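Novice: Sequence and predicted structure are below.
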Amino acid sequence: MTAKKLSEKKKPTQESGKKIEDDLQKLTQELKEKNDKLLRSYAEFQNYQKRIEKELIVKEEDTKKKYFSELLDFSELLTKVKDDKNPTEGIESILKQLHNVFEREHITSIESIGKPFNHQYHYAISTIEKDDCADGLIIEEIKKGYLLNGKIMRPSQVVVAKNKKIEK
């Protein structure tokens, strides 16, 4: 090989080595920038999580304050009623106040007696055989059920009729 050919071969290799080195520096710089962005995003996300957790704690405390202050009112009323010689009026006042709270919070009771059993709204405690009732009709309510904004809060606990079969 001649010296000219060797120098020609080295020249492109030096140029390509320089190009590879430049590309490597560019990629390294891009990697640093992307890593920096990722670290900033992660830090922002952690700050967001902490802020949301604090907001949830504050909301929970506010909710507790709201409802416990109402419970304190009921406690005071019950204490007064306990000491009253004719507690009927006080009990009616307490019930009225409770119903106002339920209404304000969109809590409604589930009407069960005389209605057909519906597993979404009722929980059958037992069944009783009866001649004069349709099968699956609710004949007794053990514990009242409630809806909150139209969604089940607590199902009614009920006794369901089972029509007696006459044996032949």
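Specialist: Yep, it's here. Residues are numbered from 1 along each chain as shown.

Novice: And the strands in the protein?
Specialist: Assigned by DSSP state E, the chain shows strands spanning 107-109, 122-130, 138-143, 146-148, 151-154, 156-163.

Novice: Break this protein into its domains for me.
Specialist: Domain assignment for the chain, taken from automatic domain parsing, gives 12-105, 109-168.

Novice: out of the strands of the chain, nearest to I94?
Specialist: strand 107-109 (16.3 Å; CB to CB). From N, CA and C alone the C-beta is placed, and that goes for glycine too.

Novice: Who are the contact partners of R40?
Specialist: With contact set as CB atoms under 8 Å, 6 or more residues apart in numbering, R40 has no partners.

Novice: Report the separation between it and Y48.
Specialist: Distance of R40 to Y48, computed by CB to CB, to the nearest Å: 12 Å.

Novice: By residue count, what's the longest helix in the chain?
Specialist: helix 3-83 (DSSP state H).

Novice: give me the beta-bridge partners of the nearest residue to M153 once chain neighbours are set aside?
Specialist: Leaving aside its chain neighbours, M153 sits nearest to Y146 (4.5 Å; criterion: CB to CB, 6 or more residues apart in numbering). Beta bridges link Y146 to S109, R154 when assigned by DSSP bridges.

Novice: what about Y146, distance to R154?
Specialist: Distance, Y146 to R154, using CB to CB: 5 Å.

Novice: okay if I get the strands of the chain as JSON lines plus mean pLDDT, distance to K80 and mean neighbour count?
Specialist: Listed next are the strands of the chain as JSON lines, based on pLDDT from 0 to 100; distance: least, CB to CB, whole Å; neighbours: other CB atoms under 10 Å:
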{"stretch": "strand 107-109", "mean pLDDT": "95", "distance to K80": "25", "mean neighbour count": "15"}
{"stretch": "strand 122-130", "mean pLDDT": "93", "distance to K80": "36", "mean neighbour count": "14"}
{"stretch": "strand 138-143", "mean pLDDT": "95", "distance to K80": "28", "mean neighbour count": "16"}
{"stretch": "strand 146-148", "mean pLDDT": "96", "distance to K80": "27", "mean neighbour count": "15"}
{"stretch": "strand 151-154", "mean pLDDT": "96", "distance to K80": "29", "mean neighbour count": "12"}
{"stretch": "strand 156-163", "mean pLDDT": "94", "distance to K80": "32", "mean neighbour count": "20"}
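
Novice: Good, we can wrap up now.
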